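1. What shape does this take:
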Amino acid sequence: MPRHDPGRPGGRPATAGSWTGHELLRTNTHQVVPSDDLVVRLRRRLPDVFEPPTPATLPAFCSDMAELAGDIAHAVGQRLGPDGPGIAVVTHDDLTSLSDGQLTTLTFGVSVLLGKPALQPSPEDFIVPVEDQKPADVTTAPGYKSNGRMGMHNDPTDAAVLACLAASAEGGENLFVSAAAVHDALAHEAPAVLEGFRRPWTWDLRGAQRPGSEPLVDSPVFGPDPHDVTCRFGWLLLREGARATGRLTPDVDAALGLFEEVARRPELTLRHRLRRGQSVWLDNYRVLHAREAFEDRADSTAVRRLIRIWLWLHERAPLPPGFSAFSAAIDRGALG
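-> Numbering: from 1, shown residues only. Okay, the predicted model is just below:
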């Protein structure tokens, strides 16, 4: 049932599963902090160089990781589960002492315990680097390849993982927001816009689709159940989809702009600048994320480097009607 929270904007009741950044920081329910002893074991036993498991070696890899990092996977799974906030930040000061290969092995190991890593495009791999590749135009380049500001969005699979190998010299702060909190604000301020987001929208997948699939797919932004909020949003993909179908009207542009504005409101968002050793895990149907622009310093180690993994979770409630078409269109295959 919705709850009433006097600390929320306007003191409005909140949909189940909704949170604000202030609430998460007060309770730390999103944090996963391994024990000191576990971090020592990770440093001693994880390989210095990550060797991606093949389908043949995956069972043994999973067995080893379950013994070593099963507690972390369980804690992350709880936070991504129906009773959690949909976001988990794995953090411990001594994780910085792990090598890049050890951090990658840990992140991938926890991933395969929770689900099946999905192939990502450009480059097609299960692990994709997130770093500034200095594109000619940061406004149109994929956000994970540039240092520009990224708008609020969900990644296309059940869950997404970002693990930090190095932070930038300046900026690069991530923003996270509960989809239910955005839903609540729109229901209060612009109910007609909210209802429009429940209808199918055309998305331009811009190369993320599996080979042989059409780049345009119809899928709603919000699912039909106002008490169990499911969401998928991406300003550019939706705007380009509307442009491709001749539906980019001023009302459509305004609706997309309003969603973006609400989702970035300081009173709703959790702001967190990932540092080396930290990883963030997201339920892509309940939590949206964005990033501020950043600057690297090439003459030092302050060059932002993250890795990204997309996951199809082993345990996932059925998706609302319409959402599955989007998932099918981008499914290039998964490990295991």
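
2. what packs against the strand or helix carrying residue 106?
-> In the assignment (DSSP states H and E), residue 106 maps to helix 100-114. Packing contacts for helix 100-114, counted by 3 or more CB pairs under 8 Å, 6 or more residues apart in numbering; DSSP states H and E, involve helix 36-45, helix 58-80, strand 159-166, strand 305-313. C-betas here are computed from N, CA, C, even on glycine.

3. redo that, cut-off 7 Å
-> Judged by 3 or more CB pairs under 7 Å, 6 or more residues apart in numbering; DSSP states H and E, helix 100-114 is in contact with helix 58-80, strand 159-166, strand 305-313.

4. want to throw the ones you listed into CSV with mean neighbour count and mean pLDDT?
-> CSV is the format used below for the helices and strands packed on helix 100-114 (neighbours: other CB atoms under 10 Å; pLDDT from 0 to 100):
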stretch, mean neighbour count, mean pLDDT
helix 58-80, 17, 97
strand 159-166, 23, 97
strand 305-313, 22, 96
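
5. What is the subsequent helix or strand relative to the helix holding residue 106?
-> Following helix 100-114 toward the C-terminus (DSSP H and E): strand 115-117.

6. Quick one: distance of that following strand to the chain centre.
-> Centroid separation for strand 115-117 versus its chain: 14 Å, with CA atoms, centre = their mean, to the nearest Å.

7. Strands of the stretch 101-250 of the chain, residue ranges please.
-> 115-117, 128-130, 150-153, 159-166, 170-171, 174-178, 201-204, 216-219 (DSSP state E, counting those that start in this stretch).

8. among those strands, where is the model least confident on average?
-> Across the strands of the stretch 101-250 of the chain, the stretch with the lowest average pLDDT is strand 170-171; it has a mean of 89.

9. ok, back up a step: need the strands of the stretch 101-250 of the chain in a markdown table (columns: distance to residue 44).
-> Listed next are those as a markdown table, based on distance: least, CB to CB, whole Å:
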| stretch | distance to residue 44 |
| --- | --- |
| strand 115-117 | 25 |
| strand 128-130 | 27 |
| strand 150-153 | 37 |
| strand 159-166 | 20 |
| strand 170-171 | 35 |
| strand 174-178 | 30 |
| strand 201-204 | 46 |
| strand 216-219 | 46 |
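
10. quick one: which of the ones you listed is nearest residue 336?
-> Of all these, it is strand 115-117 that lies closest to residue 336, at 5.0 Å by CB to CB.

11. Could you give the separation of the helix holding residue 106 from the chain centroid?
-> 16 Å.

12. and that helix with helix 58-80, angle?
-> 80 degrees (axes from the mean of the first three to the mean of the last three CA atoms, to 10 degrees).

13. Residue 190 reaches residue 255, doesn't it?
-> No. Taking contacts as CB atoms under 7 Å, residue 190 lies outside contact range of residue 255: 8.1 Å.

14. And these two? Which one has more around it.
-> residue 255 (22 against 17; other CB atoms under 10 Å).

15. With the flanking residues excluded, which residue is spatially nearest to the more buried one?
-> Nearest non-adjacent residue to residue 255, counting by CB to CB, 6 or more residues apart in numbering: residue 193, 4.9 Å away.

16. same check, this time on residue 335
-> residue 117 (4.7 Å).

17. show me what contacts the one you found?
-> Shown in contact with residue 117 (CB atoms under 7 Å, 6 or more residues apart in numbering): 111, 126, 309, 310, 311, 334, 335.

18. Kindly recompute the last result at 8 Å.
-> 108, 111, 126, 127, 309, 310, 311, 334, 335, 336 (CB atoms under 8 Å, 6 or more residues apart in numbering).
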